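[1] What shape does this take:
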Amino acid sequence: MTSDPIADMLTRIRNAQIARLERTDIPLSKLKLQIAELLQREGFIAGFTSEQGTPGKITVTLKYGQGHKAAIAGLLRKSRPGRRLYLSHNDVPKVMNGLGIGILSTSRGLMTDKDARRERVGGELLCEVW
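    As a prediction, this is how the structure comes out:
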């Protein structure tokens, strides 16, 4: 059991890309499933499948470019269990000048930093991906 399941998910993806694996397994939760959906929609991962059961898992298929270069250059956990980071829509930062995404947990569900600024909602900045 980990105290920070989102950081565990990001670390599993980061480690799998460093090892040049095709896919990685992550323990299932609704929040991690929504994060995987956002990463797929934004083009950072090739896809994912979820397997219900005990224990459930998410299999993330990683995406690579030419020369087997990873699509995700960096993953950074911003809000942690010991220090939550809440932002208003005015304070949501652009990640790598718009080349990356910030994932926010808002009152309207998980969304990217671009969507949060467009819909003028703030929330907890979970992580940044570029």
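
[2] Could you point out the helix or strand that follows the longest helix seen in the chain?
    Identified as the longest helix of the chain according to DSSP state H is helix 5-18. Following helix 5-18 in sequence order, the next helix or strand is strand 23-27 (DSSP states H and E).

[3] Which strand or helix spans the residue nearest the centre of the chain?
    Using C-alpha atoms, centre = their mean, the residue of the chain that lies closest to the mean C-alpha position is I35, 4.7 Å off. Following DSSP H and E, one finds I35 within helix 30-41.

[4] Note down every partner strand of the helix or strand just after that helix and its orientation.
    Per DSSP H and E, the first helix or strand lying C-terminal to helix 30-41 is strand 45-51. If you go by DSSP bridges, strand 45-51 pairs up with strand 57-62 (antiparallel).

[5] ok so, going back, could you look up the SS state of the nearest residue to the residue nearest to the centre of the chain once chain neighbours are set aside?
    Ranked by C-beta to C-beta, 6 or more residues apart in numbering and with sequence neighbours excluded, the top spatial neighbour of I35 is I103, at 6.2 Å. For every residue, glycine as well, the C-beta is placed using N, CA and C. Judged by DSSP: H, G, I helix; E, B strand; the rest coil, the three-state class of I103 is strand.
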